[in-house]
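Asker: Here is my input; please provide its structure:
(one chain, ligands or ions: 2)
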Amino acid sequence: MINIALPKGRLGNKVYDLFEKIGYESSEIKEDNRKLIFENEKKNVRFLLVKPSDVGVYVEKGSADIGVVGRDVLLEENPDVYELMDLGFGKCKFAIAGPVNFKENFDRPLVVATKYLNVSKRYFDSTNRDVELIKLNGSIEIAPILGLSDVIMDIVETGTTLKENNLKVLKTIEDISARFIANKSSYRFKNEEIEKIVKSIKEIL
Ligand SMILES: Nc1ncnc2c1ncn2[C@@H]1O[C@H](COP(=O)(O)OP(=O)(O)OP(=O)(O)O)[C@@H](O)[C@H]1O
Ligand SMILES: O=P(O)(O)OC[C@H]1O[C@H](OP(=O)(O)OP(=O)(O)O)[C@H](O)[C@@H]1O
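Answerer: Ligands and ions are numbered 1, 2, ... in the order given. Model (predicted):
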């Protein structure tokens, strides 16, 4: 049995569609229900629907053998897993953004609101800028508008959220996309099954 951690939310359907296309379907997933575990007995796979930011934990700990996760989560959580493939969707960027008329005050630490504390800390350490990081869990763009922070460090895709809140990108940091990951020992002991899935996905990407 191969356990597959699928991210709920924005990547969810895309990832499931990928598995469906290579013959690992479980039609119940698309039904309107609250189930979190779905099985395809014939193919001997089980889908686990988890929060995107938890995929790495399930795969590292071996509750899932493989999974799909945004590179943002890998950079933030640094799970001890193998990254086997860039799936090429879920593309966006990490960026620092601030008010369109932003003027930095170098006499004090820069206040940064973000969901990604580790990524932010690493980035600002590398620039030697003193910062105060404020952890938020969503709607990050609201922080500089309310004066909670000077800037934000967040994901930008189309830039619409920034634009509609009078913010702009100040600095682009890294490219992000969805990655296929595997538990290290599963990759050894279930290598044939996992490689079969990787190969099938590569063929349709
Ligand atoms: N605007 C976006 N455009 C493209 N990809 C995105 C965008 N926002 C997030 N992503 C990618 O999709 C993944 C899942 O995002 P989603 O918004 O579904 O969950 P989340 O709200 O970040 O997770 P959680 O509920 O755990 O906080 C992210 O980890 C990232 O890799
Ligand atoms: O550049 P854009 O195309 O506008 O996309 C960027 C937005 O998408 C993500 O938010 P999400 O929709 O996940 O909401 P949340 O983080 O506020 O929960 C991200 O945190 C930005 O707010």
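
Asker: Need the phi and psi values for V111.
Answerer: phi -90, psi 120 (degrees, to the nearest 10).

Asker: and the gap between it and L87?
Answerer: Distance of V111 to L87, computed by Cβ to Cβ, to the nearest Å: 35 Å. C-betas here are computed from N, CA, C, even on glycine.

Asker: V169 too?
Answerer: V169 is 24 Å from L87, by Cβ to Cβ.

Asker: what residues are up against the nearest residue to Y16 once chain neighbours are set aside?
Answerer: Excluding the flanking residues, the one nearest Y16 by Cβ to Cβ, 6 or more residues apart in numbering is I29, at 5.6 Å. The neighbourhood of I29, defined by Cβ atoms under 8 Å, 6 or more residues apart in numbering, consists of Y16, F38, F47, L49.

Asker: could you pick out which of these are near ligand 1?
Answerer: Taking Cβ under 6 Å from any ligand atom as the test, ligand 1 is in contact with none of the contacts of I29.

Asker: Of those residues, just say which sits nearest to G62.
Answerer: Nearest to G62 among those is F47, at 16.3 Å by Cβ to Cβ.

Asker: beta partners for that closest one?
Answerer: Here F47 sits in beta bridges with I4, F38, going by DSSP bridges.

Asker: What pLDDT does the model give it?
Answerer: Note on F47: pLDDT of 96.

Asker: for it, what are its contacts?
Answerer: I4, L6, Y16, F19, S26, I29, I37, F38, E39, N40.

Asker: list the contacts for the residue nearest to the fifth one when sequence neighbours are not counted?
Answerer: The spatial neighbour of S26 that comes closest, neighbours along the chain excluded (Cβ to Cβ, 6+ apart), is F38 at 4.1 Å. Residues near F38 by Cβ under 8 Å, 6+ apart: S26, E28, I29, R46, F47, L49.

Asker: Can you give me the distance of F38 to S186?
Answerer: Distance from F38 to S186, by Cβ to Cβ: 19 Å.

Asker: swap in K135?
Answerer: Between K135 and S186 the computed distance is 32 Å (Cβ to Cβ).
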